[in-house]
Every structure is written in structure tokens, then in C-alpha cells.
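*Asks:* Sequence plus predicted model, see below.
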Amino acid sequence: MSAWFYILRLRSGHLYPGATTDLQRRWHEHLLGEACRTTKYDQPVQLAYSEEHPTFSVARCRESQIKRWSAKKKEALIAGDMTKLKLLAKRRNP
């Protein structure tokens, strides 16, 4: 069964990463404020990005990885700007 990693853009401008096995159902749960506390109080305005993965476990690993990223890195991923993403990923103090 496939699963999805996704990023929502919230009304406040923040980005919310998540993982699910049913992207359309989860999007509707977020819209209704039933998916989590974050989107209950800071409503989503856009499904900004999604990736399909072979299993939920792989999608959750991707979510955990990207949750640690800066907003600039997430924005580069959403924009599909791999050059900028690689630049932002470089260590500042080697």
C-alpha cells in the first residue's frame, strides 16, 4: 500500500509536514479541524507539496527528516529548486 508525505501551508504562513495513507481524506480532515491541534487553530490554505512513497513507514521517515529543516529549505523543496535546496543543505561551519 502506498503512502504520502505532504506539506501544508497554514493561514499563518507556517508550513506543516505530515504523512498519511490517504492524502485526500487527510486533507479534508485538516480542513475540518479534525486531523490535529495545529490545523484546528491554524487552518490550512494549501496543500503545498506531496510525495508518494511505497509504505507509511517510509513516508513517516521523510516527514521526520523534513520536520527538522528550516522554513527556507522547505520552501525550496516546495518550489522544486534543487540548486537552492543543496546550497541551504551545506554545513556553515565545516
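*Replies:* Perfect, I can see it now.

*Asks:* For the rest of this, base every contact and every neighbour count on C-alpha atoms.
*Replies:* OK.

*Asks:* Could you list everything Tyr16 pairs with in the sheet?
*Replies:* Taking DSSP bridges as the rule, Tyr16 bridges to Leu8.

*Asks:* tell me the contacts of it?
*Replies:* By C-alpha atoms under 8 Å, 6 or more residues apart in numbering, Tyr16 lies in contact with Ile7, Leu8, Arg9, Leu10.

*Asks:* In CSV: those, plus neighbour count, distance to Arg62 and pLDDT.
*Replies:* Output for the contacts of Tyr16, formatted as CSV (neighbours: other C-alpha atoms under 10 Å; distance: C-alpha to C-alpha, whole Å; pLDDT from 0 to 100):
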residue, neighbour count, distance to Arg62, pLDDT
Ile7, 24, 11, 98
Leu8, 22, 15, 97
Arg9, 18, 18, 97
Leu10, 19, 20, 97
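
*Asks:* Point out where the protein drops to low pLDDT.
*Replies:* 91-94 (pLDDT under 70).

*Asks:* all strands for it, in order.
*Replies:* In the chain, the strands defined using DSSP state E lie at 3-10, 15-20, 44-53.

*Asks:* do you know which of these lies nearest Gln65?
*Replies:* The minimum distance between Gln65 and the strands of the chain falls on strand 15-20, with 10.0 Å, by C-alpha to C-alpha.

*Asks:* Output the closest one as CSV, nothing but the C-alphas.
*Replies:* Taking C-alpha atoms only, strand 15-20 is exported to CSV below (Å, rounded to 0.1, in the frame of the first residue of the first chain):
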residue,chain,number,x,y,z
LEU,A,15,4.4,25.0,6.9
TYR,A,16,3.1,21.8,8.4
PRO,A,17,4.6,18.5,7.3
GLY,A,18,2.7,15.2,7.7
ALA,A,19,2.3,11.7,6.5
THR,A,20,-0.8,9.6,5.6
